[in-house]
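> Have a look at this prediction, sequence included:
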Amino acid sequence: MNEVVIPEMPVHGKMLWPMGGDHVMQATGNLPDRQRDLVRWLFFHSAGKGLSMAEAADAIGYDPTNVGRVMRGVYAGNMDKVCEAIERLKGIEEQRANIVKTRFVLTTVAKRIHALCDLALIYQNIALVYGDSQIGKTEALLERARIGGRGAVRYIRLPAAASKQGVLHAFAEACGVCATFKLDLLYERIINSIDANTLVIVDELHLAFETYQEKVCVKVLAMIREIYDRTHCGMILCGTNVAREEIEKGKLKLTLEQLRRRGIFRLQLPRVAPWSDRVAIAASFGLEPPEGHARAVVDEIVQSSGLRAFTSFLQAGGKMAANRKEAFTWAHVVRAYDTVKAYSQFPAERG
């Protein structure tokens with residue numbers, strides 16, 4: 001078989017790999033499932049970390065030329081041996097990620113979102129997730145993307161005031177495709193980097209409705225719908241309740257009907273995090289469920305500012321306890337909250 005030479009292209013602005021994510025997806029499409037998933041993982045994981053093909057090859061103990069042939073589907077050697085080497089690297093990388101990753105707690109909200117991701121992928125359908133900000137949506141989706149691996153999951157965060165070009169560039173980065181191509185070609189390359197075994201997560205969907213032109217919003221959402229239609233991937237569309245209102249009741253309701261009908265699975269999250277989620281997060285810091293005044297403070301934090309603020313106050317309380325060389329208790333969290341609250345209020349002048 002003649003080896004196809006593909007011009008070198010940048011990933012994340014650097015000349016790192018002599019092929020893009022779409023080339024790897026197409027070249028590995030006929031491999032057995034395990035080999036396909038591992039080869040794709042090596043490319044997307046390495047490119048996502050800014051590693052060159054030579055660095056990725058060194059990490060698995062192979063020559064860069066042979067790794068290039070593996071990625072192009074023309075490797076004549078023992079693929080099982082290559083995949084064993086990739087699997088060893090994947091195991092090490094997962095262990096490292098578990099050590100250094102930010103604190104993540106599998107709350108009831110996260111469990112529901114992860115289950116929905118699995119359903120979307122299994123049934124190759126669109127799933128819609130709606131909920132207020134700071135409820136834990138993005139954290140759960142990022143963790144699902146981490147677990148699934150860059151070879152199987154594409155996480156895309158819509159840019160603010162999303163334009164068609166901006167959204168395409170966000171998709172291109174997630175798909176390991178150079179964003180310097182003309183938009184039509186870039187779109188086709190994105191399509192080719194996604195298949196029926198891919199979970200595509202589009203986060204911050206409500207930002208599509210903040211564009212200054214309605215027709216731009218329609219084009220962006222129609223493009224996302226067409227990506228689903230042409231790839232038969234599993235797709236998660238996640239946004240605040242603004243997105244739900246616009247899709248179901250807004251003035252573009254009829255225009256967006258095709259998108260809404262494709263969303264067989266729909267998850268409406270609660271306005272505030274359930275008590276069990278607050279307890280689970282507190283337990284990850286070594287704290288028992290709060291009682292009395294501490295519980296009232298927790299309720300006030302979560303209801304006014306959400307889970308991220310709650311986690312921030314737990315971290316602040318833990319740091320305060322460490323600095324004082326004291327055992328961490330709810331008293332430190334309450335003190336941290338009272339301090340922030342005091343600084344947030346301008347003192348009244350005396351007459």
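Okay, I see it.
> where in the stretch 251-351 of the chain is pLDDT low?
Scanning the stretch 251-351 of the chain for pLDDT under 70 picks out 345-351.
> Which stretches in it count as helices?
In the stretch 251-351 of the chain, helices defined by DSSP state H, counting those that start in this stretch lie at 257-262, 275-284, 292-305, 307-324, 330-343, listed in chain order.
> And residue 198, how close does it get to residue 20?
Here the criterion is CB to CB, to the nearest Å. By it, residue 198 lies 15 Å from residue 20. Glycine gets a C-beta too; all of them are placed from N, C-alpha and C.
> more crowded one of the two?
Ranked by neighbour count (other CB atoms under 10 Å), residue 198 and residue 20 place residue 20 first, with 25 against 22.
> quick one: contacts for residue 206?
Applying CB atoms under 8 Å, 6 or more residues apart in numbering to residue 206 gives the contacts 239-240, 242-243, 246.
> let me fix that: residue 305
Residues in contact with residue 305 (CB under 8 Å, 6+ apart) are residue 134.
> Distance of it relative to residue 298?
Residue 305 sits 11 Å away from residue 298, going by CB to CB.
> out of the helices of the stretch 251-351 of the chain, nearest to residue 66?
helix 257-262 (41.8 Å; CB to CB).
> Residues in contact with that closest one: which ones?
125-126, 128, 221-222, 224-225, 228, 247-248, 253.
> cool, stretch 313-329 as well?
The contact list for stretch 313-329 (CB under 8 Å, 6+ apart) reads 281-282, 285-287, 301, 330, 332-337, 340.
> buried residues in that stretch?
The neighbour-count check on stretch 313-329 (16 or more other CB atoms under 10 Å) flags 313-314, 316-318, 320-321, 328 as buried.
> ok, now stretch 106-115?
107-110, 113-114.
> next one: stretch 60-74
Applying a neighbour-count criterion of 16+ other CB under 10 Å, one finds 60, 62, 67-73 buried in stretch 60-74.
> Those in strands, which ones?
Among the buried residues of stretch 60-74, no residue falls in strands (DSSP state E).
> Buried residues, the longest helix along the chain. List them.
Looking across the chain with DSSP state H, the single longest helix is helix 79-100. For helix 79-100, the neighbour count (16+ other CB under 10 Å) marks 79, 82-83, 85-87, 89-90, 93 as buried.
> What is the nearest of those to residue 214?
For the buried residues of helix 79-100, the closest approach to residue 214 (CB to CB) belongs to residue 93, at 43.7 Å.
> Just the residues contacting the longest helix of the chain, thanks.
Contact with helix 79-100 is made by 31, 34-35, 38-39, 41-42, 45, 59-62, 66, 70, 75, 146, 149, as judged by CB under 8 Å, 6+ apart.
> between the helices of the stretch 251-351 of the chain, which one is nearest to residue 181?
Across the helices of the stretch 251-351 of the chain, the minimum distance to residue 181, taken as CB to CB, is reached by helix 257-262, at 26.0 Å.
> mind saving the C-alpha coords of the closest one as CSV?
Extracted C-alpha coordinates of helix 257-262, given in CSV (Å, rounded to 0.1, in the frame of the first residue of the first chain):
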residue,chain,number,x,y,z
GLU,A,257,-38.6,23.3,15.8
GLN,A,258,-36.4,20.8,13.9
LEU,A,259,-33.7,21.1,16.6
ARG,A,260,-36.2,20.8,19.5
ARG,A,261,-37.8,17.7,18.0
ARG,A,262,-34.4,16.0,17.7
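> buried sites along that helix?
So, applying 16+ other CB under 10 Å, buried residues of helix 257-262: 259-260, 262.
> In this structure, where is pLDDT below threshold?
By pLDDT under 70, the weakly predicted segments of the chain are 1-15, 98-102, 211-212, 345-351.
> Strands of that one, start to end?
Using DSSP E, strands in the chain cover 9-11, 14-17, 126-130, 153-157, 199-203, 234-239, 263-268.
> Show me which residues of the last one are buried.
Read that as strand 263-268. The neighbour-count check on strand 263-268 (16+ other CB under 10 Å) flags 263, 265, 267 as buried.
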